[in-house]
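Chemist: Let me see the structure of the following:
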Amino acid sequence: MHAGALDDKRKGDKRFVALSDFLEHVPTDCPHELFSGEGDAKARASQAVPTFADTAHAIVNIRENAATETAALIIPAVGNNKLRHETLQRFMLANDSVTLAVEVPIWLRESDIAAIEARWGIRLAAKARRGERTITGHIDFLQVRNGAVHLLDYKPDATTNKPFAQLTIYALALSHLTGIPLFDFKCAWFNEHQYCEFFPRTILARHAPNQINERAA
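Modeler: Residues are numbered from 1 along each chain as shown. Model prediction:
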């Protein structure tokens, strides 16, 4: 993970202190062993099947913004396809005041997955034949702006690749790990041509009967 100067960038945001604390402790708290190895109990958020998300009724706002403009500036200037993603991340981290961190790891163990499933009444990952389930992933860009936490994923094929499940897992995980209500998260995927944004809380396929009011949480 790479993080900017959090204190300098977000001095005025007091509601998301838990997010700042999480980012600052990632180097010591991240269970790196969960991100390696194979097995049916391990899953990558980027490979998730959106069975828990009602994507048919998703409301996606398509627009151009600073992310698309930056991608349009940086991507054509980098000849090596493998370096384009990393170069865009580093540029936005250094030059975009709302981008707090890039390549942010998220991790969910069996107890975390079970807690999220119970809270929202969904099946986040299939039961493993052996071992406890884990889900891991990396958030491309983490931003705080307009009173919300924004999770962005750069997709060169943004028109056809719509990572609803991947981004929703990121939001659910970061909400669970920080205690910040899901109401305060927005997700988006983008490239140099378009930016597609949605609220992860609105596409969960069904809700638990005892779900608390997220706005009041």
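Chemist: quick one: the strands in this structure?
Modeler: 2-3, 42-44, 61-63, 99-108, 134-145, 148-154, 185-190, 195-198 (DSSP state E).
Chemist: now those strands as a markdown table including mean pLDDT?
Modeler: Shown next, in a markdown table, are the strands of the chain (pLDDT from 0 to 100):
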| stretch | mean pLDDT |
| --- | --- |
| strand 2-3 | 78 |
| strand 42-44 | 75 |
| strand 61-63 | 88 |
| strand 99-108 | 95 |
| strand 134-145 | 94 |
| strand 148-154 | 96 |
| strand 185-190 | 96 |
| strand 195-198 | 95 |
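Chemist: Out of those strands, flag the one nearest residue 83.
Modeler: strand 148-154 (12.9 Å; CB to CB). C-beta coordinates here come from the backbone N, C-alpha and C atoms, glycine included.
Chemist: Spatially central, which residue of the protein would that be?
Modeler: residue 170 (3.5 Å; CA atoms, centre = their mean).
Chemist: what stretches of the protein score poorly on pLDDT?
Modeler: 4-13, 37-42, 205-217 (pLDDT under 70).
Chemist: again, only using 50
Modeler: 208-217 (pLDDT under 50).
Chemist: what are the ranges of the helices in it?
Modeler: 6-9, 17-29, 66-74, 81-95, 110-120, 164-178 (DSSP state H).
Chemist: So which of those is the most surrounded?
Modeler: Ranked by mean neighbour count, these are led by helix 164-178 with a mean of 23 (mean count of other CB atoms under 10 Å).
Chemist: what's next to that one, contact-wise?
Modeler: Applying CB atoms under 8 Å, 6 or more residues apart in numbering, the set of residues contacting helix 164-178 from outside is 18-19, 21-22, 45-46, 48-50, 52-53, 55, 58, 106-108, 112, 115-116, 120, 124, 135, 137, 139, 149, 151, 153, 180-182, 185, 187-189, 198, 200, 203-204.
Chemist: and those, which are buried?
Modeler: 19, 22, 45, 48, 50, 52-53, 58, 106-108, 112, 116, 120, 124, 135, 137, 139, 149, 151, 153, 180-182, 185, 187-189, 198, 200, 203-204 (16 or more other CB atoms under 10 Å).
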